[in-house]
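**Q** task: produce atomic coordinates for the following.
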Amino acid sequence: MYILILLFPFLGSSLSLITGRTLGKLGARILTSSCLIVSLSLSVLIFYETTLNFSTTYIKLWRWLDSDLVTADFGLQFDPLTATMLLVVTSVSTLVHIFSTAYMEGDPHVPRFMSYLSLFTFFMILLVTSDNYPQLFIGWEGVGLCSYLLINFWLTRIEANRAAIKAMLVNRVGDIGFVLAMLAIWDQFGCLDFVSLFNIVGLSPSDSITLICLFLFIGAVGKSAQLGLHTWLPDAMEGPTPVSALIHAATMVTAGVFLLIRSSPLLEQAPMALMVVTIVGSLTAFMAATVGLVQNDLKKVIAYSTCSQLGYMVMACGLSQYSISLFHLMNHAFFKALLFLSAGSVIHALADEQDMRKMGGLIKSIPFSYTMVVIGSLSLMGFPYLTGFYSKDLILELAYDQYYLAFAHWLGVFSALLTAAYSLRLVYLTFISNTNTKKEIFSDAHEGSWNLTLPLILLALGSIFVGYLTKEIIWSFQITFSPIIPTSIKLMPVIFSLFGAGAAVVLYHYSSRIFNAPTSPVGLAGYTFLYSAWQFNYIINHFLVQNVWRLGHLITYRALDKGIVELIGPQEISKFVITLTQGLSKIQSGLITTYALGFFIALVLLCGSVMLASEAEDVLIAALEESIASQNPPDVVTLQNHLGLAYYLEHTVTLHGFDIMDYFSWPPASEETYDKVCLGIIDWAVENDVSLVDMEGLLKTAGVIPTGFGSSSEDEAVDLLWQ
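**A** Coordinates of the predicted model:
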């Protein structure tokens, strides 16, 4: 059962991709959706067994990484965190698959699209079920790859190409942080599986753990689109709407939050890292909420709301409230999938129009979609007793309870106000305001088939009831409530949300009479700043990308590609060979007298070099003999140089009957030569007043008595010296 939950999405993806032409559009849609329904059923069973019955399961399949440096098993871990994530991933993914069967009906590449969706789900399941960091990283990279394939599904669209490449490159920054974290974990602890690591994490110095946690957080910042690395997420809207729903609700962007929750034993040992996590999460929630307030693209408004809600989840992790972060992740998956799929239904009804300024008046044309958007927006706002209310407000209460992080509470509260404002703005511009849609499109707007409406109904039920039904289960994991939080603080998020919603309605309904700020210089500057997403794209492109491009142009292109490579490359080598051969060819004149002259010159040079070398040898050897004879006892280095030079010049040097060249053919070929060598050494030592003890050590050091040729020859030589 546990392994099958992985195999079915992979099976559906593989068969749809390989046999798509045979299966056809209908067959591919039925196959992939059926496989996801089976995985969803298994997820429900695993959730019941693991979470409700408190049964944790570990499965070791095989050892896939085994070396002297690192080992890793391919294993699966099913605990309450895994079971909850599996239920979220498979339920949302199944509904997205069903929605896609109608939404992508007219596309000629439906089998490929359904295959990518199933593969996306497979890698996310692999990520959440992994029991070690390397295996989790495989799923991590897999969802990144699938996001690239799905964002760039419409290959002929330039904006889709750019968005996919941007998502891939920005996430590479986070991936580098994740890899550095794994290397640091292995260097510090010598293991990468969760069970072993979390049992010994307290034995390491806090500074090392802080560094590891910061590296892990860099990975989470990239995947979960936090401040600084968030720029890829709004551009990812270039893909089909079901892709946006899957990325934002249940798969890719939640991977970073899951990594933080899974690594909570490490984070708890690093208070400084938790502070950084809280700051970044709260700033992301506020920044994204302000930007979403001025966007005109329907999907981009929802995208920035995702970024803001991810900030709440990350902030909860920084507050050490990992269960609440998981609770908000689960609740967010339902109402965010509802919002995206409802937006897809609206876009589908308006012939792919996404600009809210060109909508309006749709409340009568597509009332069902209007109802779904309202439910999703109210849940996103944290309207009392809807799903979002039980998790978002709780995060803000817990932030207030930690007084040294009160700034996170207030940023979260103002973010809630802005969330309500842009949510009601979305509803007003899309459905309530005067229509700006073309007449033929507006008159033809209609609700979709059951494939489109059924997933929306189920997600709407989840957006209403999931928070209430699961709050006791999730809260029982970790939460301890503080009795000192005033009632006014508890009510503040709701009050601010209602105020933001009312302000949005008033401002946009009476904007022509009471609201003229965008036309003033200050208002225009503020609007431009927010619409450009706080100028993050400009800053990154101007100060980072352009400088890296210039550096690459100067070093990689001009210095290496057009410089060194050209000098040592095929073209320059061929030019050198041609020039050389042209010079040599001029010598080949064909005249015998020229050849004879060349031969005579070469002969003279050869004879001269031999004579000079002979004289040089005699001078060098005489100098060395004089040097070695003048030392008492002789220097080891001088003796070695003397013998080495004699060998190099192949010159026979004799000292008192000792032929130095015999040393180089040790042991001697005959006893006569052996005795001659030893006697020559003795005579030379006596003449130079060298003690035999010093001589024995000297000759062993210099290598004249070769220690590597056997002990018998050595002993005989020493005995003979002593005699």
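
**Q** any idea which residue sits dead centre in the protein?
**A** residue 175 (1.2 Å; CA atoms, centre = their mean).

**Q** from residue 223, how far out is that one?
**A** 9 Å (CB to CB, to the nearest Å). To be clear about C-beta, it is placed using only N, CA and C from the backbone, and glycine gets the same treatment.

**Q** overlap in contacts of these two?
**A** 140, 144 (CB atoms under 8 Å, 6 or more residues apart in numbering).

**Q** other SSEs contacting the helix or strand that contains the residue nearest to the centre of the chain?
**A** In this structure, residue 175 sits in helix 158-189 according to DSSP states H and E. Under the contact definition 3 or more CB pairs under 8 Å, 6 or more residues apart in numbering; DSSP states H and E, helix 158-189 sits against helix 133-151, helix 194-200, helix 206-223, helix 232-235.

**Q** could you dump the ones you listed into TSV with mean pLDDT added?
**A** Compiled in TSV, the helices and strands packed on helix 158-189 are given as follows (pLDDT from 0 to 100):
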stretch	mean pLDDT
helix 133-151	92
helix 194-200	88
helix 206-223	92
helix 232-235	88
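
**Q** adding mean neighbour count and distance to residue 116, write those helices out as a markdown table.
**A** Converted to a markdown table, these look like this (neighbours: other CB atoms under 10 Å; distance: least, CB to CB, whole Å):
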| stretch | mean neighbour count | distance to residue 116 |
| --- | --- | --- |
| helix 133-151 | 22 | 5 |
| helix 194-200 | 15 | 29 |
| helix 206-223 | 23 | 18 |
| helix 232-235 | 23 | 18 |
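
**Q** what's the closest of the ones you listed to residue 390?
**A** Ranking these by proximity to residue 390 (CB to CB) places helix 206-223 first, at 23.9 Å.

**Q** relative to helix 133-151, how tilted is that closest one?
**A** With axes from the mean of the first three to the mean of the last three CA atoms, to 10 degrees applied, the angle from helix 206-223 to helix 133-151 works out at 20 degrees.

**Q** what lies in contact with helix 206-223?
**A** With contact meaning CB under 8 Å, 6+ apart, helix 206-223 is reached by 140, 144, 170-178, 180-181, 184-185, 188, 201, 226-229, 252-253, 255-257, 259-260, 263, 266-267, 269-270, 272-274, 276-277, 280, 314.

**Q** in ChimeraX, select just the buried ones from the residues you listed.
**A** ChimeraX command restricting the contacts of helix 206-223 to the buried ones, with burial defined by 16 or more other CB atoms under 10 Å:
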select :140,144,170,171,174,175,177,178,180,181,184,185,188,201,226,227,228,229,252,253,255,256,257,259,260,263,266,267,269,270,273,274,277,280,314
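
**Q** thinking again about what came up before, list the contacts for the residue nearest to the centre of the chain?
**A** Contacts for residue 175 (CB under 8 Å, 6+ apart) come out as 140-141, 144, 219, 222.

**Q** tally of neighbours for residue 401?
**A** 18 (other CB atoms under 10 Å).

**Q** and for the one 5 residues further on?
**A** Other residues within reach of residue 406 by the criterion other CB under 10 Å amount to 12.

**Q** that one: what's it in contact with?
**A** 399-400.

**Q** quick one: buried residues of the host helix or strand of it?
**A** Using DSSP H and E, residue 406 falls within helix 406-427. Judged by neighbour count (16+ other CB under 10 Å), helix 406-427 contains these buried residues: 408-409, 411-427.

**Q** check stretch 18-37 too.
**A** Buried, per 16+ other CB under 10 Å, within stretch 18-37: 20, 23, 25, 27-33, 35-36.

**Q** ok, those vs residue 555, which is closest?
**A** For the buried residues of stretch 18-37, the nearest to residue 555 is residue 20 (44.5 Å; CB to CB).

**Q** ok, for that closest one, nearest residue in space, not its chain neighbours?
**A** Once flanking residues are discounted, residue 20 sits nearest to residue 111: 2.8 Å by CB to CB, 6 or more residues apart in numbering.

**Q** quick one: pLDDT of the one you found?
**A** pLDDT recorded at residue 111 is 90.

**Q** and whichever strand or helix holds it, what other elements does it pack with?
**A** Here residue 111, judged by DSSP H and E, is contained in helix 110-129. Applying 3+ CB pairs under 8 Å, 6+ apart, we find helix 110-129 packed against helix 4-18, helix 20-47, strand 71-78, helix 80-103, helix 133-151, helix 241-249, helix 252-262.

**Q** where does the stretch 301-450 of the chain have low pLDDT?
**A** Applying pLDDT under 70 to the stretch 301-450 of the chain flags residues 403-405.

**Q** where along it do the helices fall?
**A** Counting by DSSP state H, counting those that start in this stretch, the stretch 301-450 of the chain has helices at residues 322-349, 367-381, 387-401, 406-427, 439-444, 450-478.

**Q** I'd like to know which of those lies nearest to residue 527.
**A** Across the helices of the stretch 301-450 of the chain, closest to residue 527 is helix 406-427 (CB to CB), at 13.7 Å.

**Q** can I get that closest one in CSV, CA atoms only?
**A** In CSV, the C-alpha atoms belonging to helix 406-427 read as follows (Å, rounded to 0.1, in the frame of the first residue of the first chain):
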residue,chain,number,x,y,z
ALA,A,406,5.7,41.6,18.0
PHE,A,407,6.8,43.2,14.8
ALA,A,408,5.8,40.0,13.0
HIS,A,409,2.4,40.2,14.5
TRP,A,410,1.8,43.7,13.3
LEU,A,411,3.1,43.0,9.8
GLY,A,412,0.8,40.0,9.7
VAL,A,413,-2.2,42.1,10.8
PHE,A,414,-1.6,44.8,8.2
SER,A,415,-1.1,42.0,5.6
ALA,A,416,-4.5,40.6,6.6
LEU,A,417,-6.0,44.1,6.0
LEU,A,418,-4.4,44.2,2.5
THR,A,419,-5.5,40.7,1.8
ALA,A,420,-9.1,41.5,2.4
ALA,A,421,-8.7,44.7,0.2
TYR,A,422,-7.3,42.9,-2.9
SER,A,423,-9.6,40.0,-2.5
LEU,A,424,-12.7,42.2,-2.6
ARG,A,425,-11.2,44.2,-5.4
LEU,A,426,-10.8,41.0,-7.4
VAL,A,427,-14.5,40.1,-6.8
